[in-house]
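*Asks:* okay, structure incoming, though there's no sequence with it:
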């Protein structure tokens, strides 16, 4: 069973994806970390992240980099949004994601183009969303808890800017797959969001 979980930044898709992977005993991949790893690699050198050819050089990172906590910072996240707009970068990382999705027994992947590009034949496709304000508050609390000095208004602006880039890019734009189930977590807490996703998956499993 392949479960595709898509949605904008801080919508709750990562939390939901990890929870359902645990529930169904499936491996999980946060595909956004791949783009963050590329961004981190580019930022660590002298390459220009706005240059597609320079950004492409950052795709040859070691898997160990995915465990680096620096990938979770706001600076790397903002740069990952720039990096992910490059078609060549998306193409370079595509097979890596598809190989993970098509492993024996299936997998859970979350990102922004899983149901539309990476695994269009996924058993279940979920699109998780929430208002920009709620998503900014979630990201703010997450970073404050991690001990980072951040400004809420800057985070809200970054969230909105990222939505524009993700939805407006020519290569694999963020959008629900035509057969994706939409879950709006604006008014849902963590447990309710996970419950809504599990309920949707169970209903689809019965139909199939």
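*Replies:* Right, received. Where do you want to start? All values derive from a computational prediction rather than experimental measurement. Numbering: from 1, shown residues only.

*Asks:* list the buried residues in stretch 93-107.
*Replies:* Within stretch 93-107, the residues that count as buried by 16 or more other Cβ atoms under 10 Å are 93, 94, 97, 100, 101, 106, 107. In short, each C-beta sits where N, CA and C put it, glycine included.

*Asks:* give me the contacts around the helix or strand hosting residue 166.
*Replies:* Using DSSP states H and E, residue 166 falls within helix 152-168. Contacts to helix 152-168, defined as Cβ atoms under 8 Å, 6 or more residues apart in numbering, come from residues 8-10, 74, 77-78, 81-82, 84-85, 112, 132-133, 135-137, 139-140, 143, 173-175.

*Asks:* can you pull the contacts of the spatially most central residue of the chain?
*Replies:* Among the residues of the chain, residue 111 comes closest to the average C-alpha position under Cα atoms, centre = their mean, at 2.9 Å. Listed by Cβ under 8 Å, 6+ apart, the contact partners of residue 111 are 5, 6, 30, 31, 32, 97, 118.

*Asks:* among those, name the ones in helices.
*Replies:* If you go by DSSP state H, those have 32, 97 in helices.

*Asks:* so which of the contacts of residue 111 is the most crowded?
*Replies:* Counting neighbours by other Cβ atoms under 10 Å, the top entry in those is residue 5, with 32 neighbours.

*Asks:* can you pull the contacts of that one?
*Replies:* So residue 5 contacts 13, 16, 17, 20, 108, 109, 110, 111, 114, 126, 128, 197 (Cβ under 8 Å, 6+ apart).

*Asks:* could you dump those into CSV and include secondary structure and distance to residue 169?
*Replies:* What follows is the contacts of residue 5, written out as CSV (DSSP: H, G, I helix; E, B strand; the rest coil; distance: Cβ to Cβ, whole Å):
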residue, secondary structure, distance to residue 169
13, helix, 18
16, helix, 24
17, helix, 22
20, helix, 27
108, strand, 24
109, strand, 19
110, strand, 18
111, strand, 13
114, helix, 16
126, strand, 21
128, strand, 19
197, helix, 26
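
*Asks:* go through the residues you listed and say which is closest to residue 58.
*Replies:* Nearest to residue 58 out of these is residue 111 (Cβ to Cβ; 17.7 Å).

*Asks:* for the closest one, give its distance to residue 80.
*Replies:* Going from residue 111 to residue 80 by Cβ to Cβ, to the nearest Å gives 11 Å.

*Asks:* overlap in contacts, the two.
*Replies:* Applying Cβ under 8 Å, 6+ apart, one finds that residue 111 and residue 80 are jointly contacted by residue 32.

*Asks:* if the residue nearest to the centre of the chain is in a bridge, with which residues?
*Replies:* Applying DSSP bridges to residue 111 gives these bridge partners: residue 6.
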